[in-house]
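Q: sequence and predicted structure below; questions after.
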Amino acid sequence: MDIMDQKPNKLNILTKRELERQINLQKKKENKDLLSADTEKLGFFETIFAEKQNYIECLLNDSPNLPKSQLPDHFNLVSKEILTLQKYVAASTIFLRNYDLKRCQDILQELTAKAKDYEDEFLPKKKFGFKNKIKQRPSHKNLNGSKYDEVDAVTKPRITEINCGFFNRSNEMLTMANTDIFMKDISVEKLENLSTSIFAENCENCTLVIACQQLRLHNSKNIDIYLHVTSRAIMEDCKGIFVAPYNWKYEGIEDDFQNASLDLTVNNWRCIDDFNWLSEKHSPNWKEIDEKDRIKSWDDI
């Protein structure tokens, strides 16, 4: 009886050992295949990354040879190519080694810095002065030919004096330095055929209401932005950025958007690319403003 019991036990042990051996062999094979696949992916990644890096560097090296009128679009293209390369790195982190990831991030930072230096060198920001001069507006006549005061007419409210800002400008790239705007209210009105991209930097503890095709925000913190952007917003070296959809309503807004080639129905205010955050997870440097905390009416501000 004991002998008969021992044979099945020995058989079970042998069977179990063979099963474990087969499982171990299968695991080794899978690990080998996985390592081989990752190696192939890494090789392909390095090829694509190098090609893209070389293309961006060629674009930057062409900057001195381009006419000034082409430089705004040229540097926008450079920014988009750098952003595309950043997204490619972020999507490949699953198989990239820490060393490879750090090397790619360093290269991206160098490209971004070089692009910023070239843009500052070949497309310098102009400085503008302002005069507190108010043009005399002609009086209006009624149907009987008598004159009546301006207050008798129903007119659209407008800014009659601009101490700091831009008024009635066209076909220019307008910028203001920190010394121009410090502790001042900024006003803009009647701007035509200007740059459709907005670059803002060194902003802190303020609220911005922006409608544009592209927004680039650098070195800023603790900002509320009510944004309408038709492409994607880009931020770098920023934190404490809170965004909400553009909600400024006024008479004639449809015409203003049409004249600026902005589509009122297309707003990518949630599409913000953080150059300092390459992970696929949401960047901790910005978030949406809770709906209950958003400004509802700008007339009450």
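A: Cool, got the structure.
Q: mind showing which ranges of the stretch 151-300 of the chain have poor pLDDT?
A: The stretch 151-300 of the chain contains residues with pLDDT under 70 at 151-164, 167, 170-196, 300.
Q: give me that answer again for 90
A: For the stretch 151-300 of the chain, applying pLDDT under 90 flags the ranges 151-219, 230-234, 236-237, 248-266, 271, 273-281, 296-300.
Q: show me where it has its helices.
A: Counting by DSSP state H, counting those that start in this stretch, the stretch 151-300 of the chain has helices at residues 178-181, 253-259.
Q: quick one: average pLDDT of stretch 58-73?
A: Here stretch 58-73 scores 90 as its mean pLDDT.
Q: and that stretch, what's buried?
A: Within stretch 58-73, the residues that qualify as buried are 59-60, 63, 71, counting by 16 or more other C-beta atoms under 10 Å. Yep, even glycine has a C-beta here, placed from its N, CA and C like the rest.
Q: count of residues packed around Ile272?
A: Here the number of neighbours of Ile272 (other C-beta atoms under 10 Å) works out to 25.
Q: who are the contact partners of it?
A: Ile272 makes contact with 232-235, 241, 243, 283, 286, according to C-beta atoms under 8 Å, 6 or more residues apart in numbering.
Q: close enough to count as contact, His218 and Ile198?
A: No. His218 is beyond contact range of Ile198, at 11.5 Å (criterion: C-beta atoms under 8 Å).
Q: how close does Val78 sit to Asn54?
A: Val78 sits 13 Å away from Asn54, taking C-beta to C-beta, to the nearest Å as the criterion.
Q: of these two, which one has the most company?
A: Shown here are Val78 and Asn54; by other C-beta under 10 Å, Val78 has more neighbours (22 against 10).
Q: residues making contact with stretch 109-125?
A: Applying C-beta under 8 Å, 6+ apart, the contact partners of stretch 109-125 are 53, 56-57, 60, 63-64, 66, 68, 71-72, 75, 78-79, 82, 85, 173, 175, 177, 236, 275.
Q: so of these, which ones are in strands?
A: If you go by DSSP state E, those have Glu236 in strands.
Q: give me the subset of the contacts of stretch 109-125 lying in helices.
A: Of the positions in these, 53, 56-57, 60, 71-72, 75, 78-79, 82, 85 sit in helices, assigned by DSSP state H.
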